[in-house]
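**Q** coords please:
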Amino acid sequence: MTHPAPGFPRVAAYSSIRGNGAPLVSADGTLDMARCEGLARYPLVTLDVNGVLNRPDIVPALRRFNPEIRVAGYLLMTHWYLPATFAPAASDVSFNAVWHRAIARTSGFVPDAPGGYEVAWHQEFTADALADLVVYHAASSRLFDSLFMVYCSPRLDWVSATHPAFTAENDVLRLKHFRKLVQRLRAARGRDFSLYGNGTGADLIGLDGTMREGFVGVLTSAGQAMTQAPGDWLKSEGGADAGLARYTLATACMTGAYAAPGGNRTWAEVHESRLWQPEYSLRLGEPTGPPVKLAGSEWWVRGFERGTVSVNHATREGVFLVRAS
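**A** Have a look, this model is predicted:
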């Protein structure tokens, strides 16, 4: 996997745009260059596939401010945000409209799913139709350096265990079809095209990293965060809480994960200045060894080429010491 920038710390913006490109596109249809510059500070960002394909000028604008930025296309997989009863206008040829029609055409909406509008990735014809769209529209557009596949879940653990779609056999089929999708993407774009995701079982399909959300303590504990691997994402809750941002970033430095600030993909916050922390601009270089736990405490310390990072899981503190060059 190619990391978006050499060295540590690793930070990513779990950000969003709307179908018309807002907020990176202003109400008059022109690019908001101030917001583009703000987002381009992050070495790795997520942006909705639909919005980028509608406004392909967004990515060159980001690269103008940061030639090394890597843009991950954001895609919903086993969950969709519109019900089966919705019908896009015949004139709508956007990616989201085409995706919705593909689900409907293949009878790919799970009937009466208690978790919402779930997609039947266990059906081969649905999985193949959606994989075609991912490969030929998202990956082959060359606008994206990677993909972030959301609800990329071989197991639909958010539906009732008594629901007909919730079976061991369907779990096996979803796993098979997601692995096939990953293989097709690797064949189309190579190993430098990074693949990330979240969802139960996402770590079983050959992705370069998966996300843990709700740090700290909402969905992800400190102990769980410390089991992450390089390429994983650690998403914090708490918006612009500077202390939590330092704690999340320091924890991510212990494992090699990307720290993703903020709660939900609140695009107004991510594109403005309030989520950006001074520690994100540090240049620590590469690790000089693994993290070490100090005896009798919850302090962990890791050395880097140009400094040291420590984190205390008892007090939720992150400390960054950078040596003068």
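
**Q** Next SSE downstream of the lowest-mean-pLDDT helix or strand in the chain?
**A** None of the helices or strands of the chain scores lower by mean pLDDT, DSSP states H and E than helix 267-271, at a mean of 57. Per DSSP states H and E, the first helix or strand lying C-terminal to helix 267-271 is strand 292-293.

**Q** Which elements pack onto that following strand?
**A** Helices and strands touching strand 292-293, by 3 or more CB pairs under 8 Å, 6 or more residues apart in numbering; DSSP states H and E, are strand 299-304. C-beta here means a position set from N, CA and C on the backbone, and glycine is covered the same way.

**Q** Quick one: list the elements packing against the strand it packs on.
**A** Contacts defined by 3+ CB pairs under 8 Å, 6+ apart place strand 299-304 against helix 242-255, strand 292-293, strand 307-312.

**Q** Note down every partner strand of the second one and its orientation.
**A** If I follow you right, that is strand 292-293. Its sheet considered, strand 292-293 pairs with strand 299-304 (antiparallel) by DSSP bridges.

**Q** ranking the helices and strands packed on strand 299-304 by burial, who's on top?
**A** By mean neighbour count, with neighbours taken as mean count of other CB atoms under 10 Å, helix 242-255 ranks first of these at a mean of 23.

**Q** So what's the gap between that one and the chain middle?
**A** How far helix 242-255 lies from its chain's middle: 17 Å, per CA atoms, centre = their mean, to the nearest Å.

**Q** Repeat that for stretch 197-205.
**A** Centroid displacement of stretch 197-205 relative to its chain, using CA atoms, centre = their mean, is 12 Å.

**Q** what's the pLDDT at the residue nearest to Y42 when sequence neighbours are not counted?
**A** Distances taken as CB to CB, 6 or more residues apart in numbering place A13 nearest to Y42, at 4.0 Å, with adjacent residues excluded. You'll see A13 listed with a pLDDT of 91.

**Q** ok, A13 touching V45?
**A** Yes: using CB atoms under 8 Å, A13 is in contact with V45, at 4.3 Å.

**Q** okay, and for this structure, where does confidence drop off?
**A** By pLDDT under 70, the weakly predicted segments of the chain are 1-6, 114-115, 156-161, 262-274, 325.

**Q** could you point out the longest helix in it?
**A** Taking DSSP state H as the criterion, the chain has its longest helix at helix 168-189.

**Q** How far off centre is stretch 168-184?
**A** On the basis of CA atoms, centre = their mean, stretch 168-184 is displaced by 20 Å from the centre of the chain it belongs to.

**Q** Can you give me the buried ones in it?
**A** Buried positions in stretch 168-184, judged by neighbour count with 16 or more other CB atoms under 10 Å: N170, D171, L173, R174, L175, K176, H177, F178, L181, V182, R184.
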